[in-house]
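Chemist: build me a structure from this.
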Amino acid sequence: MNGVGVLDEAGRLRLLGAGATGAAFAVVLVVLVASSWTEPTPALLVGLGVPAAAVGIAIAVVLQLRSWRAEGGYDRSVVVRNWVLEGEVPPTVPAAEWIPLVQAQAEREVAGWGKIVLSTIWILMTWSMRDQHGPVITTMLILLWIGLGLWSALWVIPRARAAKRLLGRGVATPA
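Modeler: Have a look, this model is predicted:
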């Protein structure tokens with residue numbers, strides 16, 4: 001793929017996960033908006049949900065590929081992820097190369113906390129509108145917002161904190 005490189009099984013699974021997430025988000029969003037004007041029915045779910053899912057998949061996959069390109073390709077993304085998970089950068093990698101890459105990972109903590117705050121607000125808003133949208137839409141939305149918050153709490157924030165620890169250790173000078 002142009003600028004991304006060769007994907008392994010984990011990369012293909014990430015694309016699949018991104019596509020599934022994009023589809024879920026798009027379906028919930030379209031059904032939520034449409035259900036404000038009309039009763040949610042199976043025909044509505046199929047007629048609007050399926051095309052929305054296709055668009056959501058396309059957008060999510062393109063965004064994931066774009067993210068890998070911005071990180072220098074899929075292989076580079078995996079290498080940086082491994083540095084963060086292992087808590088060390090090989091001594092042969094120059095600081096000018098690894099510090100910006102790890103710093104970009106560390107800066108994602110704020111975005112993770114922002115997603116948790118937003119998902120909490122959206123859960124409360126969704127719950128407050130449960131009479132308007134009914135149990136199916138309310139449940140779908142709450143599950144989507146819970147998933148967003150859990151993803152941030154269990155993956156984005158811990159990874160960003162690990163990157164910060166790596167930066168702290170990697171740039172410290174020995175006494």
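
Chemist: count the residues that sit near residue 31.
Modeler: By the measure other Cβ atoms under 10 Å, the count of residues near residue 31 is 21. (Glycine included, C-beta is placed from N, CA and C.)

Chemist: pretty sure it is touching residue 44, no?
Modeler: Yes: here residue 31 reaches residue 44: they are 6.8 Å apart, a contact under Cβ atoms under 8 Å.

Chemist: which strand or helix spans residue 140?
Modeler: helix 130-151 (DSSP states H and E).

Chemist: list the buried ones in the helix or strand following that helix?
Modeler: Under the assignment DSSP H and E, the closest C-terminal helix or strand after helix 130-151 is helix 157-170. Within helix 157-170, the residues that count as buried by 16 or more other Cβ atoms under 10 Å are 157, 159, 160, 161, 162, 163, 164, 166, 167, 170.

Chemist: ok, and what's touching helix 157-170?
Modeler: With Cβ atoms under 8 Å, 6 or more residues apart in numbering as the test, helix 157-170 has contacts from 81, 83-85, 87-89, 95, 98-99, 102-103, 105-109, 112-113, 116.

Chemist: pull out the buried residues from the helix holding residue 140.
Modeler: If you call a residue buried by 16+ other Cβ under 10 Å, then helix 130-151 has these buried ones: 133, 137, 138, 140, 141, 142, 144, 145, 148, 149, 151.

Chemist: contacting residues around the fourth one?
Modeler: Spelled out, it's residue 140. Remark: with contacts taken as Cβ under 8 Å, 6+ apart, residue 140 is in contact with 27, 28, 31.

Chemist: same thing with the third one?
Modeler: Contacts for residue 138 (Cβ under 8 Å, 6+ apart) come out as 126, 127, 129, 130.

Chemist: let's see that with 6 Å instead.
Modeler: When contacts are counted by Cβ atoms under 6 Å, 6 or more residues apart in numbering, residue 138 touches 126, 130.

Chemist: ok, so what distance separates it from residue 60?
Modeler: 24 Å (Cβ to Cβ, to the nearest Å).

Chemist: could you look up the SS state of residue 5?
Modeler: Going by DSSP: H, G, I helix; E, B strand; the rest coil, the secondary structure assigned to residue 5 is coil.
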